[in-house]
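[1] What follows is a protein structure lacking sequence information:
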């Protein structure tokens, strides 16, 4: 039976339920924040004013509509307790000027304007420093190149916790903060990466902005910093030796030119979890004090000049997940204690000078996924014990050592590899390709070059996308499977090249050199649309070079032909016929080598269309294309070699357009006519060989302009006259000029008879006596001018300071450039 109070309870329930429904209708969820009230009108109007000052070509702010009562519903606006707290506007391509009306957002704590096109004139609006409650500011990819006040702006934000100014072209010099000025204490996370030139070349050396590390000194005085990223900023000099930032958890100083060892304060940062010092000029050894950093989970120090032995204390870093010490000068044995790094997932010790055997304790790293130990001096036996518990291993790079693999024939590895490079290991002389590799079902990259393997290539091997088996004793015929890179050079493969290359649309690299291949080059090569490197030299191929495009007349318009081919090497075969003009369609060619064949006819003048030899080259390091002949800077090589054929006719004057060509060899043919008059326009030439032809006439005087020329051979032609006079030619070997009717240095043959020589000698003596007075007058003028300059510098202090400051700046830049280049070259060696 219901009590008398039940109607009252029902009424109360109805009121509560109505209030709940009303509150629900007024609440909005934006992101993860719930707003229970309408935003104030002043904040709404401020946002509308901000929108009106911008151009929004993609109409991304269409929801910012005055007709919508509550601005908390607008895109990118997040409210809390009825006030705008956050503006998320990244990547909106907003164009225009920032309106100071945003200052009416008194409760704003979060502002993200990254990847926008705001017209700030390279500056930061001064009013940004007035956001008293702002905790997060992100202006990544916004041009702040003229923001001389940026350091002072962040110091005026009392609540700022996290700042992102990355890819902003910041000026680190002018905002230098004096040591006695208190910097913000609220800042925890500071990200200032990629604010300087990322790439460097000698041509822009004087304009490159190397920054003394003194300009970053104030940053290390921010007491409460937890995260700091100064990577890719071209700082040089020592890491500041004094710092208050000992609470750091994350520090990234990579890709600069810091040249000191780690300062003492570094090892006081006991909470450090992430350290990236890679790609600097750090030297010295790793301090034993590193044992203090017990919280480390990531240590990256590759690409420096660190040396010494690895301390046994590395085994104490139980939380370490990534350890990268590659490309340094560490020596000695890899410590056995490294097997105690139970959390380790990535270990890179490559490109050092480690010696001794590989510690068996590596087999205990049950979390290890990536192991780089290549290019060291390791030796000895590697057994199944070394891999016992590596159940998660996916990448093993161990080439360039003297290791011997000794496992049972029925070994079943605990891992499933994707990448396996053990080139130069001893797998057993005349042993077949190891059968355990067949069980690696996920393998994408296999390198067993120079391992002594022999026999035929099993069918399952041909399915591996990137396959390198060069310099072994493999025999049999080639099979075709879907692959991206195939390097079988230096084996004993035989038979004809299969004519079904259309099945390999993604093949980029093909090296079949130094085998016993016979027959002709198949026409289906013309369908390899992505092919960039083709090397067939040292075989017994015959017939004509096919018209590589003859089956591609429609595909040319679709860019599916061989226009991507960059390296074409067919030398030392038995190819005959003429060089097809269609080879000129290979615009990307950098290396054309058809030497040591039986080619005849003329050199096509359209070779001048090979724009790959006329366009400046940039340094790119290749991992797959790494031919010993060209070293690791293959992208810089531009070479045309048509020597040792039966080519006739003139040297086409159009070849002069190949202005980036570094080597040109047309020797041992039947070429006639003159050397092109403007050959001096090929200013990048380092090697030029026209020897053993029937060229006539004189050597063009423009040859003297080839300032990079280190090898010149025009011997055994019908050339006449005087060798052009230049310092470059005087330093060349005289044997490169013999077999002609030439005279003058570097040949001992003089160009005049004895009487003329005596008369010329007399005239020269008279001329020398006249010239001596010129030297006297010039010397006096120089002395007077120099004394005036010195006097001005002595008497005028501001001139003196400016002059010596300029000299010091130039010296610093020159020193850093030479130092970097020398050390990088040393590291490669």
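    That came through fine. The shown structure was predicted, so the numbers you read here are calculated from the model rather than taken from an experiment.
[2] Residue 727: how many residues sit nearby?
    8 (other C-beta atoms under 10 Å). (C-beta placed from N, C-alpha, C; glycine too.)
[3] how about the helices in the stretch 651-800 of the chain?
    Per DSSP state H, counting those that start in this stretch, the stretch 651-800 of the chain carries helices over the ranges 727-730, 754-795, 797-828.
[4] same deal with the chain?
    Assigned by DSSP state H, the helices in the chain fall at 6-26, 41-52, 150-155, 727-730, 754-795, 797-828.
[5] tell me what the second one is packed against?
    It stands for helix 41-52. Judged by 3 or more C-beta pairs under 8 Å, 6 or more residues apart in numbering; DSSP states H and E, the packing partners of helix 41-52 are strand 83-88.
[6] Now residue 260. Nearest residue, chain neighbours left out?
    Spatial nearest neighbour of residue 260, excluding adjacent residues (C-beta to C-beta, 6 or more residues apart in numbering): residue 238 at 3.5 Å.
[7] from memory the one you found sits against residue 259, does it?
    Yes. Using C-beta atoms under 8 Å, residue 238 is in contact with residue 259, at 6.6 Å.
[8] Who has more neighbours out of those two?
    Just comparing residue 238 and residue 259: by other C-beta under 10 Å the higher neighbour count belongs to residue 259, 21 against 15.
[9] mind checking how far the more buried one is from residue 689?
    For residue 259, the distance to residue 689 equals 43 Å [C-beta to C-beta, to the nearest Å].
[10] thinking again about what came up before, worst average pLDDT in the helices of the chain?
    Least confident of the helices of the chain, judged by mean pLDDT, is helix 6-26 with a mean of 42.
[11] where's stretch 418-426 relative to the chain centroid, distance-wise?
    Centroid separation for stretch 418-426 versus its chain: 24 Å, with C-alpha atoms, centre = their mean, to the nearest Å.
[12] Contacts for that stretch, please.
    Contact with stretch 418-426 is made by 374, 382, 394-405, 437, 440, 442-452, 468, as judged by C-beta atoms under 8 Å, 6 or more residues apart in numbering.
[13] Which members of those residues occur in strands, if any?
    Filtering the contacts of stretch 418-426 for membership in strands, criterion DSSP state E, returns 382, 395-397, 402-405, 445-447, 468.
[14] what mean pLDDT does stretch 57-71 have?
    For stretch 57-71, mean pLDDT is 87.
[15] let me fix that: stretch 648-658
    What stretch 648-658 shows for mean pLDDT is 92.
[16] measure it end to end?
    End-to-end span of stretch 648-658 (C-alpha to C-alpha, to the nearest Å): 20 Å.
[17] and that stretch, which residues are buried?
    Under the neighbour-count criterion of 16 or more other C-beta atoms under 10 Å, stretch 648-658 has 651-653, 655-658 buried.
[18] Name the surrounding residues that touch it.
    Residues outside stretch 648-658 that contact it (C-beta under 8 Å, 6+ apart): 600-608, 610, 613-614, 638, 640, 664, 666, 669-679, 681-682, 690, 695.
[19] Check stretch 355-363 too.
    Contacts for stretch 355-363 (C-beta under 8 Å, 6+ apart): 331-340, 368, 371, 373, 376-383, 385-390, 403.
[20] Likewise for stretch 246-255?
    193, 198, 223-233, 235, 239, 265, 268-269, 271-280, 295, 300.
[21] For PyMOL, write the selection for the buried entries among the residues you listed.
    Filtering the contacts of stretch 246-255 down to the buried ones (16+ other C-beta under 10 Å) takes a single PyMOL command:
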select buried, resi 193+225+226+227+228+229+230+231+232+233+235+239+265+269+272+273+274+275+276+277+278+279+280+300
